[in-house]
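Student: Kindly return the folded structure for what I paste below:
(2 chains)
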2 protein chains.
Amino acid sequence: MKLKDLGEFNFINRINRAIKLSGRVIKGIGDDAAVLRYTKDKYMLFTADMLVEGKHFHKCDKAVLVGKKALSCNISDIAAMGGSPKFAVISVGFPGSLDLKYADELYKGIRKSADSFKVDLVGGDTVGSGKIIINIALIGEVEKENLTLRSGAKENDAIFVTGNIGGSIKLKHLNFTPRLEEARFLVKNFKINSMIDASDGFLADLGHILEESDKGAAILEKAIPVSKNASRFDSAIRDGEDFELIFTLPERQADRLENAWLFKTRLSRIGQICNGREGLSLVRKSGKSEKIKPAGFTHF
Amino acid sequence: MKLKDLGEFNFINRINRAIKLSGRVIKGIGDDAAVLRYTKDKYMLFTADMLVEGKHFHKCDKAVLVGKKALSCNISDIAAMGGSPKFAVISVGFPGSLDLKYADELYKGIRKSADSFKVDLVGGDTVGSGKIIINIALIGEVEKENLTLRSGAKENDAIFVTGNIGGSIKLKHLNFTPRLEEARFLVKNFKINSMIDASDGFLADLGHILEESDKGAAILEKAIPVSKNASRFDSAIRDGEDFELIFTLPERQADRLENAWLFKTRLSRIGQICNGREGLSLVRKSGKSEKIKPAGFTHF
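Tutor: Numbering: from 1, shown residues only, chains lettered A, B, ... in the order given. This next block holds a predicted model:
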């Protein structure tokens, strides 16, 4: 059997089942970052993202943006847990024939993102490789009361999404701002029951919340903020790498949130969590409701 | 200018100079692992290693050994700081056409090493890639009094090395045991002034200690333990990936250490630290002393 026949998510589940964890681990594989015992008041968060030339970026993309993306997608993971990023180690695989200028620009992009979000770049590894590869691992922390998992969605929660969905391939996937400030505002001021960053695609990532929370949802086509770069609604909700936040909170807090939201980043209330047996349904602009499968981008 | 014209170590120095760090970082780039503020009594350690198919291993190598190596080389880095490994995140790039059996075996090797050294495998990333890539990032911790840097070597320190040097390419580079138990014994019972794990090659890694400590050394050919897999002495001391410990301690503790050493792992006293102006000299079996350049394996 080939990996692609099994599929990415089945493979991850297979790995996960074989791993035994100690009591130091609050949450292992299966959320945006791992949650680890740390201090009396805080948890440690730990995550990693790998970018491969030809898959996540192309040689002709601006190196400074590739570097920025490599760190920003990790910061987005820490944000989705309600936490703050702290320390990163950077592993790069570079061809020996690579222009020094390209490598310099790539690190400039990483430093840019690190400076903006107060991340210390503390180490890593440098190896030779035919294709350019960048892996960043990031340590963060979160106050225990602010930890937000995928698994906490409750029936009747209002579902929100930041920014616009879809068409990220046109540029945003390389040049996005992780929603760290927004996430920290949310967890400090509201009871955010569940949160995820949209990287596999809006539908797939909402699907992760529903699966982990054992819940269903009804979402409204007319309320979902589609990017002008997306070709059409039905593909926008499946496009990967939006790096927006999808989150749920008790319905009674939804109005207060909409009034308190002073960020430039768009905020959209797009539906409601319901019983797990009801699955996921999409209410079309016509008013017709249809069942929909939460599928999105998969790596193989 | 191409990366290979600048060279790996010059490139790393170049990156390092451009990075500004906060007061949370005790030691950033330039040792086996980063050292970070943590608790009252302990520092956090953070390191990462990337393995690329065709560079660090070949498709025909046993996958279980490749997995074991991927985690073990990180554990070796934590050991060389005097610490204990705790949490790892694993990023893999796999071709979709890869046999599931290969991927399973690779993770089995990682789990084997994790179980042996009490490491929790808490997350990671899975992406598509033409070549197989594995990056593991590892968090460890060390009691403040046991932290051992490359930079602490003192004049007249005795220099020791564990195990045998050279010829690792024949198998050991894939199937080695990180010297964690030995390192913990050393830092708990002796005043280890400096330590490194030999990955760039014995000479190059001893050179890192001398450079960071601003010291010189005299080493004895007859005392350096060369592996039977090495072709000859002069290449053995330059071969990469021994994953042995090189360390220095005050001369007055050297005899006590040799008497107290009950591990099966060989321990060899191979020379002495001297003034930085004297550089590195090798005393040949003939008794003739020659100056030697601490060069070893470089990635590009």
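Student: Which parts of chain A belong to which domain?
Tutor: Per automatic domain parsing, the structural domains of chain A span A:3-145, A:148-291.
Student: List the contacts of residue A:91.
Tutor: The contact partners of residue A:91, taken as CB atoms under 8 Å, 6 or more residues apart in numbering or on different chains, are A:124-127, A:133-137, B:48-50, B:135, B:137. No exception for glycine: its C-beta is placed from N, CA and C like everyone else's.
Student: just for the stretch 151-300 of chain A, where's the confidence low?
Tutor: Applying pLDDT under 70 to the stretch 151-300 of chain A picks out residues A:296-300.
Student: try 50 this time
Tutor: Along the stretch 151-300 of chain A, the model assigns pLDDT under 50 to no residue.
Student: just the helices in it please.
Tutor: For the stretch 151-300 of chain A, the helices defined by DSSP state H, counting those that start in this stretch occupy A:180-189, A:202-213, A:233-236, A:254-260.
Student: how about the nearest residue to residue A:97, chain neighbours excluded?
Tutor: residue B:2 (5.6 Å; CB to CB, 6 or more residues apart in numbering or on different chains).
Student: Spell out which parts of the stretch 101-250 of chain A neighbour chain B.
Tutor: Contact residues, the stretch 101-250 of chain A versus chain B (CB under 8 Å from any CB of the partner chain): A:101, A:103-104, A:107-108, A:111, A:115, A:118, A:120-131, A:133, A:135, A:137, A:139.
Student: and if we set it to 7 Å?
Tutor: When proximity is defined as CB under 7 Å from any CB of the partner chain, the stretch 101-250 of chain A approaches chain B at A:103, A:107, A:111, A:120-131, A:133, A:135, A:137, A:139.
Student: and stretch A:131-148, average pLDDT?
Tutor: Averaged over stretch A:131-148, pLDDT sits at 98.
Student: Do you have the strands of chain A handy? List them.
Tutor: A:25-27, A:34-37, A:42-52, A:84-94, A:120-128, A:133-143, A:158-162, A:194-197, A:215-220, A:245-249, A:267-275, A:280-283, A:289-291 (DSSP state E).
Student: Format those as TSV; extra columns: distance to residue B:277.
Tutor: Converted to TSV, the strands of chain A look like this (distance: least, CB to CB, whole Å):
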stretch	distance to residue B:277
strand A:25-27	50
strand A:34-37	47
strand A:42-52	44
strand A:84-94	35
strand A:120-128	30
strand A:133-143	40
strand A:158-162	60
strand A:194-197	55
strand A:215-220	71
strand A:245-249	58
strand A:267-275	65
strand A:280-283	72
strand A:289-291	78
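Student: winner for burial among the helices of the stretch 151-300 of chain A?
Tutor: helix A:202-213 (a mean of 23; mean count of other CB atoms under 10 Å in any protein chain shown).
Student: on that earlier part again, quick one, which of the strands of chain A is nearest to residue B:56?
Tutor: Among the strands of chain A, the nearest to residue B:56 by CB to CB is strand A:120-128 (7.2 Å).
Student: ok now do residue A:175, which residues does it touch?
Tutor: Counting by CB atoms under 7 Å, 6 or more residues apart in numbering or on different chains, residue A:175 makes contact with A:65, A:68.
Student: Measure how buried the nearest residue to residue A:30 once chain neighbours are set aside is and give me the count.
Tutor: Nearest non-adjacent residue to residue A:30, counting by CB to CB, 6+ apart: residue A:16, 6.5 Å away. Neighbourhood size, residue A:16 [other CB atoms under 10 Å in any protein chain shown]: 14.
Student: doesn't residue A:34 make contact with residue A:16?
Tutor: No. Using CB atoms under 7 Å, residue A:16 is not in contact with residue A:34, being 11.7 Å away.
Student: so who does the spatially most central residue of chain A touch?
Tutor: By CA atoms, centre = their mean, chain A has its centre lying nearest to residue A:197, at 2.6 Å. Contacts for residue A:197 (CB under 7 Å, 6+ apart) come out as A:32, A:76-77, A:79-80, A:243, A:245.
Student: out of these, which is most surrounded?
Tutor: Compared across those, residue A:80 has the highest neighbour count, 32 neighbours, by other CB under 10 Å.
Student: ok, that one to chain B distance?
Tutor: 13 Å (CB to the nearest CB, to the nearest Å).
Student: Same question for residue A:263.
Tutor: Applying CB to the nearest CB to residue A:263 and chain B gives a distance of 26 Å.
Student: which residues touch that residue?
Tutor: Residue A:263 makes contact with residue A:182 under the criterion CB under 7 Å, 6+ apart.
Student: pLDDT value on the residue located most distally from the centre of chain A, please?
Tutor: When each C-alpha in chain A is compared with the mean C-alpha position (CA atoms, centre = their mean), residue A:97 comes out farthest, at 33.4 Å. Per-residue pLDDT puts residue A:97 at 95.
Student: before we move on, what about the one 4 residues further on?
Tutor: In the prediction, the pLDDT value recorded for residue A:101 is 95.
Student: Near the residue of the stretch 101-250 of chain A found nearest chain B, how many other residues are there?
Tutor: Residue nearest to chain B within the stretch 101-250 of chain A (CB to the nearest CB): residue A:137, separated by 3.2 Å. Applying other CB under 10 Å, we find 32 residues neighbouring residue A:137.
Student: Make CSV out of the helices of the stretch 151-300 of chain A and add distance to residue B:180.
Tutor: Formatted as CSV, the helices of the stretch 151-300 of chain A follow (distance: least, CB to CB, whole Å):
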stretch, distance to residue B:180
helix A:180-189, 36
helix A:202-213, 35
helix A:233-236, 50
helix A:254-260, 49
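Student: Select, out of those helices, the one closest to residue A:42.
Tutor: helix A:180-189 (13.0 Å).
Student: Can you show me the CA trace of the closest one as PDB?
Tutor: This file holds the C-alpha atoms of helix A:180-189, laid out as PDB (Å, rounded to 0.1, in the frame of the first residue of the first chain):
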ATOM      1  CA  LEU A 180      -2.000  36.500  17.000                       C
ATOM      2  CA  GLU A 181      -3.200  39.800  18.300                       C
ATOM      3  CA  GLU A 182      -6.800  38.900  17.400                       C
ATOM      4  CA  ALA A 183      -6.500  35.500  19.100                       C
ATOM      5  CA  ARG A 184      -5.000  36.900  22.300                       C
ATOM      6  CA  PHE A 185      -7.800  39.500  22.400                       C
ATOM      7  CA  LEU A 186     -10.400  36.800  22.000                       C
ATOM      8  CA  VAL A 187      -9.100  34.400  24.700                       C
ATOM      9  CA  LYS A 188      -8.500  37.200  27.200                       C
ATOM     10  CA  ASN A 189     -12.000  38.800  26.800                       C
END
